[in-house]
Structures are given as structure tokens and as C-alpha cells.
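Chemist: Provided below for reference: sequence and predicted model.
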Amino acid sequence: MKTQFWLRSVAILMLVAGTPGPATRAQSPKLKSVAKSQTVPISTRSQRARDEFELGMKQREDLLYTDEGLDSIRAAVKADPHFALAHAFVAFFTTDPAEEKRERALSIRDIGNATHDERLLIRWMNGTKNGQIVPAISAMNDLLSKYPGDKRLANLDSEWLCSGQQNFDRGVEVLERVLKADPNYFPALNNLAYCYALDGKVSMAPPLMERYVVALPGQPNPQDSYAEILRMAGDFQGALDHYRASLKIDSHFASSQAGLGSTYALMGEEEHAREEYAKAVDMTTDLGTKFNYRLLAAMTYFRQSQPEQARKEYLAIANEACKAGFPLQEAEAHRSMALFNPDPASALRDLNAAEAVLSEKHVLSAADRDTELASILQTRAFVAVHASMPDVAQKAFEPLKIMAQTSRNNLVQQSYHSASGAVLLAEGKFADAISELQYDPRNPLSLELLADAQKDAGDAATQQKTLAVLAAINDERVETAVAAPLARAALKATNKTTAQSLHIAGRL
Amino acid sequence: MRNRVLIVSLLLAGVVSATYATEFAIVVNPTNPARSVSLADLAKILKGKTAAWPTGKNITVVMRDPSSPAMKFFTEKVLGVGADEAKSVLSDSARKPSSPVVFAQSDEEIVKFVGSNAAAIGVVDVYNITGSVKVIKIDEKQPFDPGYVLKGH
């Protein structure tokens, strides 16, 4: 296994060596003094640390070898334990909450070794993670202004804008500026396609993916991204073809292996999905990602109407995640069981278990804890409304209301509005419920409640539109697995009824 | 695969309209000691009723044209009027010439202006701020705080 890993690292190194990318390699001191750097210069006294850091950034950010990239940056901090920027990047990229906390603390401890511009980048990374958004934006804009040629920096910013902030317009603006300067800068092509797709402009994504594939030949990620975009658009066969093309290039590209699993799961081929997920679990070296893939695999039993087996799998994951110190995955296992639990009282007990995980002494950032707790409370309100338990919904809403008064976290705010909508729906205040639920238009649970509220308000036409939106979601979230099939069935039933009515009317 | 796999749950429903909301930031020169202003006092500054900072320096307001789509929410929220009326309020001839309102073409211009004018106050999209300006709180809240009054939808 060690030999395999070593060989793979060498292979990636060779790929990286032949890959065009931003030149952040150390310049000789002489050159440094005369030429203004195009990219944020990094400061470490260790050449080994510098090389590992640059390799890690290319792997992680440019080629999306996420595990290997993070390992290389970890190697950089091992080579230079006082390399503040590398500590901050490890904290930024890791899925391990204990490592995140430790590395962030080290980045602050060693910040005295960092240059002014490195400090700005550290401020941005730490700020985006701990809710200090205003200084984070200011720091990033200063860096982008000083280093307009740092494409990786702009790409990093755009990812946060499109993903963390859902500010697609701004993300697209940043990426288009990068692509204007370098039309073949492949990481930007990838991110721009995702920005458009996530903004609902899916048709703009495939041409960018075509360019991405051409710009980065012989790499798996362009095929992997193309596949995911096609899956989002509902083209499952196209997605399978591209995932396979990715794995043909690199048979160890875990993301594509898991992508096959998710595509088969959406196609209803659950056993096949599990086989693919199992391979993905073996491929990845990241423990958090292993748990995530196992959660997806467990969900296939629910999709297959085998709830007992699903619960068995989820409980096993919860136990192992507890022992390994991954509280988010542990809580998610319990929350997932609740969402599929047909017995409301038992579902609420699952949610109690999920909440209990967060109240235990785990190493977890405040942002992660708040986000997960908000999701649990939102799920509780959802379950309660469906079970006609308005008191329980109200009880779930109260702590969310308090959290929303102080949290800057988008997800907390959206969960608050969703739970508020659920309570209003239970009270029969349909117009107010609709208004609240519209604040959370990316969550399938909220969309389901929104459709219910629109129906109850007598607006069948809008309800059909909401159901159509929900039915068209093709992703691997547990919420989607719960709500989207119901929307598809409802639409099918409506179409059937409409067709029958038209048929009867025609006969009359 | 996109890069931020950790936040996958945030993103995937691309078929739905975006939830992004513009947050306006009120910015001043970093040398300005002001840290916070109430919404009512901000309205007075925009209307020219408050023409100087407590330090005695005359205030220059710099903002985008109120008829631009981006400013519609802002003028309604702060001045309580639509674009046309806002323009006449901001261009009122009774306003002291020493405390003018400057209309800029872009947020970048506004940030540059405020960054180089000690007594200026500007209105920008928070995503356009830089280290050359200082964001002040409105009613003791800053952008992204829950209940921040200048968050538009």
C-alpha cells in the first residue's frame, strides 16, 4: 500500500510537472528583488516546505487531487513547522475538525513569520471560516488588487463566492476576468461551469466543460466535473460515460468512483450504487470522506425500501464516527435515519440522538456545530409538521430563532426561515409560510413545504412549478432522496389526472 | 468535482433561483473615528441635514446614481422614497455646497474616493470593500449580522 501510494505520488508529480499553472515556485533572491511577483509570495526558510506547498496547491486547487494535495501541504508544515500560511491552508482544506482547530491555532501562533500579504490571505481563510466576513472580503480584495495576475487566488475567491456565499454574479465576474486574461486557465473553466449550473443556468455549463476537457488533457477531473454537471441536468447515461472516462485516466480517482455510485443511486440501481461506493471508500485516504461515502451508501437501502438494513448501516457509521472523532458524520447518520423514519415519535428520538452528539465534548468549530444543529432543528420542524405536531415544530423553532439572532451563518439563517415557515404552515398562515419558505429555495425539505403551503393557499399553478423545481433536483443529498421522489410522483399523478380529465371532456 | 466539497449540501439545487442578497456597506476613511451611525442619522447625512462630522469636517457623500437598479432598495430603505424623489432630495439646492453629494460610476470609484478623502462617506456593495476604507455599523450592526438593515433581497 505504501509503495502504491509512493508510486501514485510520483505519477501525480509527473502530471503536475507537465501542467501549465501559476508560477509560485520560489525565485532566486536576485530575481525576487527585481521582478514584482505575479502571485502572493510565500515565505518559508525551507525549500522542501516550499516545494511541498506548491505541489499541494497544484494538486488540491488546480487538479483537484484533494487528498494528495492536502497531504502535500501537511508535508510542508512538517518540513517547516512555523510555516503560517501552510498551517492556515491545512485548516482551510481539512475535513477533520480537530486538525482544523489545531492548524488554525498554529497559523495564528506563527503569523509573525508571515509577510503582510500572507497575513491577508490567512485573514481571508480564517475569516470565511469563522464568520469574520467583512475583514475577509477586504483582505481578499486587497490581494486581488495587488496581484491581478494571481489566477489561483482569484479562483479560490470565486469558489467561496459561489459556494459559501451563493453570490454567483460576483463569482462569475471574478472568473470571467481570469478567463479573459487566460482563456485556457482550466481551474476557472471548471468553477465557472459550476457557478452557472448552481445559479440555474445549466445550459451554459457544458460548453465550458468541453473547453475544460481540452485544456487539461489526460486528467481525470475535467471528465469528473463534466459527469457531475450532466447528472445535475438529469443526463445519467452521459454522467456515467464521463465518470468512466475519468476512471480510465486515473483508476484511483475516488470522486469519480463515488460519482458512479450516486448516479446509479439516482437511476434506482441501488445494489450497483453500493458496489461503486464501496470501491470509493477504499480509494480515498481521507477518513471524513470515507464516512461521507458510507453515508451515501447507507442511503441506498432506504431508496430500496430496506429501512432495517439502512438503520443498521447508519448506526454502524454513527458508532465508528463517534470513536474516530467525526461528530458531524455521526450526527448526520442520526438525522438521516430520522428523515426516512415513518414513525414520527421514533424520528424525533433519532433527532434527539443527533442533537446529543453535538452537546458532547467534541472538537468542532462553532460554525460547523451551528450549521449542523440548525439542520437538525429544521428537520425536527419538518417532521413535526408532517406529523401534525405543531407544538413540537414550535419547540424546534424557538432555539433556531435565538441562533438566528446572533449567527451570520447563511445556513443557520435559511434553516430559521424554513422552520418558521413550517410553524406558520402548521398554524394555517399560508401566505406568511410561503414568504418564509422562499428564503430557503435550495433545500428540498423547504421546497416540499413550500409546495404544500401554495396548495393550501389555493395556488395550484405555483405549487406545480415548485414541484417541478423539486422534481428536477438530481443530487445526492439526503433531503433530495426524501423529497424529490414524492414531488415526481405528485407531478405524475397530476399529469395523469389532467390527461384523464381531458379525455373525459373530449368524450363528453 | 468542484473544489469545496465540504459545503456540498449548500449548493446543489441549481435549478432554483439564487438566495444571494446584496448587502450595502457604509464606508468611511480609516482615519475617521466614526464606528457606527444610526439609520436615522444616515438619512440626515444623505439629506444634508447633518453636514459635518463631530470633528467639524464637512461631509461629502459619494454613491451610485439613485436611479440605478442597485440603489433602488437603498434609497427606499434609508430615505423612504423612490429613485426620482431620492435624486431630487440628494440634489437639493438648499444643501450646503461644502457638503456635496458626488455620484460615481462604480463602487471602485467610490472606494477610491473615500479612501483618499478623510471626510467622505460612501455606499457600496460590501463585496467591493478594500482595506483603504472602513466599514461602519448601522444601528450597531455590520453587514452579515442578523437583522442588518441594509441587506436587500
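Modeler: Done, it's in. Residues are numbered from 1 along each chain as shown, chains lettered A, B, ... in the order given.

Chemist: neighbours around the closest residue to chain B within the stretch 201-350 of chain A, how many?
Modeler: As assessed by CB to the nearest CB, chain B sits closest to A:S255 within the stretch 201-350 of chain A, at 4.3 Å. Where you see a C-beta, it was placed from the backbone N, CA and C, and this is true even at glycine. Neighbour count for A:S255, taken as other CB atoms under 10 Å in any protein chain shown: 27.

Chemist: What pLDDT is listed against it?
Modeler: Listed pLDDT for A:S255 reads 93.

Chemist: now swap in A:A23 and tell me
Modeler: A:A23 carries a pLDDT value of 32.

Chemist: what does A:T379 give?
Modeler: Looking at A:T379, its pLDDT reads 97.

Chemist: ok, now the one 3 residues further on?
Modeler: In the prediction, the pLDDT value recorded for A:F382 is 97.

Chemist: Roughly how far does it sit from chain B?
Modeler: Using CB to the nearest CB, to the nearest Å, A:F382 is found at 15 Å from chain B.

Chemist: Tell me how far A:L260 lies from B:P69.
Modeler: As judged by CB to CB, to the nearest Å, A:L260 and B:P69 stand 44 Å apart.

Chemist: Kindly report the same for A:I229.
Modeler: Counting by CB to CB, the gap from A:I229 to B:P69 is 30 Å.

Chemist: Can you tell me the centre-most residue of the chain?
Modeler: Chain wasn't specified; assuming chain A. Computing the C-alpha centroid of chain A and ranking residues by CA atoms, centre = their mean puts A:S163 first, at 7.6 Å.

Chemist: nope, chain B please
Modeler: What sits nearest the mean C-alpha location of chain B, by CA atoms, centre = their mean, is B:V123, with 2.4 Å.

Chemist: ok, now which ones touch residue 109?
Modeler: Picking chain A for this. A:R109 makes contact with A:A84, according to CB atoms under 8 Å, 6 or more residues apart in numbering or on different chains.

Chemist: Please refer instead to chain B.
Modeler: B:E109 touches B:V62, counting by CB under 8 Å, 6+ apart.

Chemist: element containing it, please.
Modeler: helix B:107-116 (DSSP states H and E).

Chemist: And A:S415, by the same measure?
Modeler: Going by DSSP H and E, A:S415 is in helix A:410-426.

Chemist: Just the buried residues of the helix or strand following that helix, please?
Modeler: Using DSSP H and E, the helix or strand that follows helix A:410-426 in sequence is helix A:430-437. Buried residues in helix A:430-437, defined by neighbour count with 16 or more other CB atoms under 10 Å in any protein chain shown: A:430, A:432-434, A:436-437.

Chemist: Figure out how far helix A:430-437 is from the centre of its chain.
Modeler: Centroid displacement of helix A:430-437 relative to its chain, using CA atoms, centre = their mean, to the nearest Å, is 27 Å.

Chemist: ok so, going back, now tabulate the buried residues of helix A:430-437 in CSV and tack on distance to A:V385.
Modeler: Below are the buried residues of helix A:430-437 laid out as CSV (distance: CB to CB, whole Å):
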residue, distance to A:V385
A:F430, 13
A:D432, 14
A:A433, 10
A:I434, 14
A:E436, 12
A:L437, 11
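
Chemist: Phi and psi next, for whichever residue of chain A sits closest to chain B.
Modeler: Using CB to the nearest CB, the single residue of chain A nearest to chain B is A:D475, 3.7 Å away. Here is the backbone geometry of A:D475 (degrees, to the nearest 10): phi -140, psi 180.

Chemist: Which pLDDT value belongs to it?
Modeler: 89.

Chemist: Please report the distance of it from A:P187.
Modeler: For A:D475, the distance to A:P187 - CB to CB - is 22 Å.

Chemist: Of these two, which one has the most company?
Modeler: Remark: of A:D475 and A:P187, A:P187 carries more neighbours, 28 against 20, as counted by other CB under 10 Å.

Chemist: show me what contacts the more buried one?
Modeler: A:P187 neighbours (CB under 8 Å, 6+ apart): A:61-62, A:151-152, A:155, B:3.

Chemist: Find the least confident helix or strand in the chain, judged by mean pLDDT.
Modeler: Since you didn't name a chain, this refers to chain A. helix A:29-34 (a mean of 36; mean pLDDT, DSSP states H and E).

Chemist: hmm, I had chain B in mind actually
Modeler: Going by mean pLDDT, DSSP H and E, chain B bottoms out at helix B:8-11, a mean of 35.

Chemist: got the CA coordinates for the helix or strand following it in CSV?
Modeler: Going down the chain from helix B:8-11, the next helix or strand is strand B:24-28, by DSSP H and E. C-alpha atoms of strand B:24-28 as CSV (Å, rounded to 0.1, in the frame of the first residue of the first chain):
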residue,chain,number,x,y,z
PHE,B,24,-24.8,47.5,1.3
ALA,B,25,-21.8,48.7,3.3
ILE,B,26,-21.4,52.3,4.6
VAL,B,27,-17.8,53.1,4.3
VAL,B,28,-15.6,56.0,5.6
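
Chemist: re earlier: tell me which element the residue of the stretch 201-350 of chain A closest to chain B is part of?
Modeler: According to DSSP H and E, A:S255 maps onto helix A:254-267.

Chemist: What of B:G122?
Modeler: Per DSSP H and E, B:G122 falls inside strand B:120-125.

Chemist: Output the contacting helices and strands for that strand.
Modeler: Under the contact criterion of 3 or more CB pairs under 8 Å, 6 or more residues apart in numbering or on different chains; DSSP states H and E, strand B:120-125 touches strand B:24-28, strand B:60-64, helix B:69-78, helix B:107-116.

Chemist: How far off centre is the first one?
Modeler: In this case it means strand B:24-28. Centroid separation between strand B:24-28 and its chain, computed with CA atoms, centre = their mean, is 4 Å.

Chemist: Sheet partners, orientation included, of that strand?
Modeler: Strand B:24-28 has its sheet partners listed here by DSSP bridges as strand B:120-125 (antiparallel), strand B:134-138 (antiparallel).

Chemist: how far does the longest one sit from the chain's center?
Modeler: Which is strand B:120-125. For strand B:120-125, the separation from the chain centroid amounts to 4 Å (computed by CA atoms, centre = their mean).

Chemist: That strand vs helix B:107-116, what angle?
Modeler: Angle between the axes of strand B:120-125 and helix B:107-116 is 150 degrees (criterion: axes from the mean of the first three to the mean of the last three CA atoms, to 10 degrees).
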